[in-house]
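Peer 1: no letters, just coordinates:
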Ligand code: ADP
Ligand code: MG
């Protein structure tokens, strides 16, 4: 008997969790991720400080940033991080909400599992609830058109509330709405038209919208003009240097005459570069590589404005906005390749000079220049701008909004409970739990603001039972009131997307009853909890 060889279908060093253990372990990991971002939700949410292995610090309130920067290893936890990323990609906001919902759906599913309800019944109920919730969302949405600037601004201000951007949110809202309106084309918005630049000087209130492109570089020589009107712009990807051998290599000359001849020849080549630029009619040069000192000298003499070592992405943006063509070989440069802009000028902010290219041929090229005192502030403001831009773009495309501040979640929860009452069978319980999970949003908004979540939920419930479908918890005055009237408004799409992806990941995790993990060197077997969680807890 024992002469039979065992058959290995898995490598020897594979760990395995089965059935209930696998499920509970996954649910726990997902809940922990939701717990982690929970304290950042809403206007009174706290920031997290993230320190990477190199000691670099990010201070943020942004769900997706937190999860992206953390080194999360557990597979179920990673699936939660994916929701945040999808949410960010699809709508650009609502990441914390999506992750929290998924966590709560799983936590509530655990209660049902304890009651011996089969996971497939739970997933079925959740999917029914998801479908219904989306129908309700449609019914509860208000239409917004492009000319409702007041509503669009409110959407941005809602998105920025509680972020570092809050103090200037009115101005930022104006900038964002103006920018998106300008680039939209029949309701389609391509946000890559808007470049975000950052400048470490002045205060965040100096943040500005520029009709054109800003390059974070100054002119190469102070002998060049500071400002060019009716700019004709050459975009050159190659270096403006002498590339004939000899300029870098060793040269051996035997007489002073030979040396002079050599120098003359080199100067000729460099002068010829400037000649070619001039002949094309260009009065501005953006060069992706270096510009030789001699070339700089002659360009300045010709009154040409030149910038060197421009990033590839900036070159592309310049080509797009000025209508110019990037050329590699100077011999190809003619008038046809030049881009056009009304003004090119250097503007100094403190020590640093930047090149502004304004009034570009393509009017859809815009730059938001964020000012702020430090790198950390600039990055956080940039994230707030991205949220705001994402929200307005979403609303312009989709045309639908709902009240925020937990109002929409309360109304959905109420309607789902009514829907559950019409069902029979055990799915009903799952729909109830889905409804309960939605209350996690208003209750956390209240909790993060130091209010009693149970009191607030009780009041919200009775107001919604009274058909006040826009009753939410306004964190500005801590009152339960009609938050739509108070301008707390969000794109419907944020909520639809959050519900979709939360349901998707929750049901996916519920269906797993077997985890096979090969032992990697770093984790040594079974999936681990998100790393660094212990360290984060003290921050809340
Ligand atoms: P997310 O990553 O999900 O967007 P946020 O931290 O940006 O998370 O918080 C968004 C939540 O804050 C939304 O539910 C929104 O309605 C709510 N909110 C915004 N402004 C207010 C306010 N003044 N009072 C109450 N809730 C608000
Ligand atoms: Mg947000």
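Peer 2: All right, it came through fine. This structure is a prediction, so every number in the text was calculated from the model and none was measured. Numbers count the residues shown, from 1 in each chain. Ligands and ions are numbered 1, 2, ... in the order given.
Peer 1: find the closest residue to ligand 1 in the protein.
Peer 2: residue 404 (2.3 Å; Cβ to the nearest ligand atom). C-betas here are computed from N, CA, C, even on glycine.
Peer 1: burial measure for residue 24, as a count.
Peer 2: Look at residue 24: counted by other Cβ atoms under 10 Å, it has 13 neighbours.
Peer 1: got the contact list for it?
Peer 2: residue 110 (Cβ atoms under 8 Å, 6 or more residues apart in numbering).
Peer 1: can you verify it is assigned to a helix?
Peer 2: Yes: according to DSSP: H, G, I helix; E, B strand; the rest coil, residue 24 belongs to a helix.
Peer 1: next, the residue nearest to the spatial centre of the chain: secondary structure please.
Peer 2: Nearest to the mean C-alpha position of the chain, by Cα atoms, centre = their mean, lies residue 386 at 5.3 Å. Of the three states, residue 386 takes helix under three-state DSSP.
Peer 1: tell me where the model's unsure across the protein.
Peer 2: 1-19, 48, 50, 59, 63, 70, 244-253, 514-540 (pLDDT under 70).
Peer 1: kindly report the residues of it close to ligand 1.
Peer 2: 40-43, 45, 63, 93-97, 158, 161, 404-405, 441, 445, 473-476, 488, 490 (Cβ under 6 Å from any ligand atom).
Peer 1: now the residue of the chain closest to ligand 1: how far from residue 74?
Peer 2: Using Cβ to Cβ, to the nearest Å, residue 404 is found at 31 Å from residue 74.
Peer 1: wait, what's in contact with the residue nearest to the centre of the chain?
Peer 2: So residue 386 contacts 92, 196 (Cβ under 8 Å, 6+ apart).
Peer 1: and for the one 5 residues further on?
Peer 2: For residue 391, the contact set (Cβ under 8 Å, 6+ apart) comprises 91-93, 155-156, 158-159, 490-491, 494.
Peer 1: host element of it?
Peer 2: According to DSSP states H and E, residue 391 maps onto helix 375-398.
Peer 1: in that helix, what's buried?
Peer 2: Under the neighbour-count criterion of 16 or more other Cβ atoms under 10 Å, helix 375-398 has 377-396, 398 buried.
Peer 1: residue contacts, residue 512?
Peer 2: For residue 512, counting by Cβ under 8 Å, 6+ apart, the contacting residues are 22-23, 26, 76.
Peer 1: what do you get if the cut-off is 10 Å, keeping everything else the same?
Peer 2: Counting by Cβ atoms under 10 Å, 6 or more residues apart in numbering, residue 512 makes contact with 17, 22-23, 25-27, 75-76, 79, 119.
Peer 1: for it, phi and psi?
Peer 2: phi -80, psi 130 (degrees, to the nearest 10).
Peer 1: go on, residue 232?
Peer 2: phi -120, psi 120.
Peer 1: quick check, it in contact with residue 336.
Peer 2: No: when contacts are counted by Cβ atoms under 10 Å, residue 232 is not listed as touching residue 336 (11.0 Å).
Peer 1: need the residues touching each of those two.
Peer 2: 280, 324.
Peer 1: those two: which has the busier surroundings?
Peer 2: Per other Cβ under 10 Å, whichever of residue 232 and residue 336 has more neighbours is residue 232, with 18 against 9.
Peer 1: look at residue 404 and residue 74 and report which has more neighbours.
Peer 2: The neighbour comparison of residue 404 against residue 74 (other Cβ under 10 Å) goes to residue 404, with 31 against 25.
Peer 1: which element is residue 45 on?
Peer 2: Per DSSP H and E, there is no helix or strand for residue 45.
Peer 1: quick check: it touching residue 66?
Peer 2: No: counting by Cβ under 10 Å, residue 66 is not a contact partner of residue 45; they are 11.1 Å apart.
Peer 1: that older thread, tell me the contacts of the residue of the chain closest to ligand 1?
Peer 2: By Cβ under 10 Å, 6+ apart, the contact set of residue 404 is 42-43, 97, 154-155, 158-159, 161, 441, 445, 470, 472, 474, 483-484, 486-491, 494-495.
Peer 1: what of residue 342?
Peer 2: By Cβ under 10 Å, 6+ apart, the neighbours of residue 342 are 211-212, 228-231, 357-361.
Peer 1: in PyMOL, select just the buried ones from those residues.
Peer 2: Applying 16+ other Cβ under 10 Å to those, the buried members can be selected in PyMOL as follows:
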select buried, resi 211+212+228+231+357+358+359+360
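Peer 1: rewinding a little: now, the residues of the chain next to ligand 1 that are in helices?
Peer 2: Taking DSSP state H as the definition of helices, the residues of the chain next to ligand 1 contribute 63, 95-97, 158, 441, 445.
Peer 1: in JSON lines: these, plus distance to residue 321 and neighbour count.
Peer 2: Below are these laid out as JSON lines (distance: Cβ to Cβ, whole Å; neighbours: other Cβ atoms under 10 Å):
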{"residue": "63", "distance to residue 321": "33", "neighbour count": "29"}
{"residue": "95", "distance to residue 321": "31", "neighbour count": "30"}
{"residue": "96", "distance to residue 321": "35", "neighbour count": "28"}
{"residue": "97", "distance to residue 321": "35", "neighbour count": "27"}
{"residue": "158", "distance to residue 321": "31", "neighbour count": "27"}
{"residue": "441", "distance to residue 321": "41", "neighbour count": "29"}
{"residue": "445", "distance to residue 321": "41", "neighbour count": "26"}
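Peer 1: can you tell me, leaving aside adjacent residues, what's nearest to residue 450?
Peer 2: residue 44 (7.2 Å; Cβ to Cβ, 6 or more residues apart in numbering).
Peer 1: from memory that neighbour sits against residue 163, does it?
Peer 2: No: here residue 44 does not reach residue 163: they are 11.5 Å apart, not a contact under Cβ under 10 Å.
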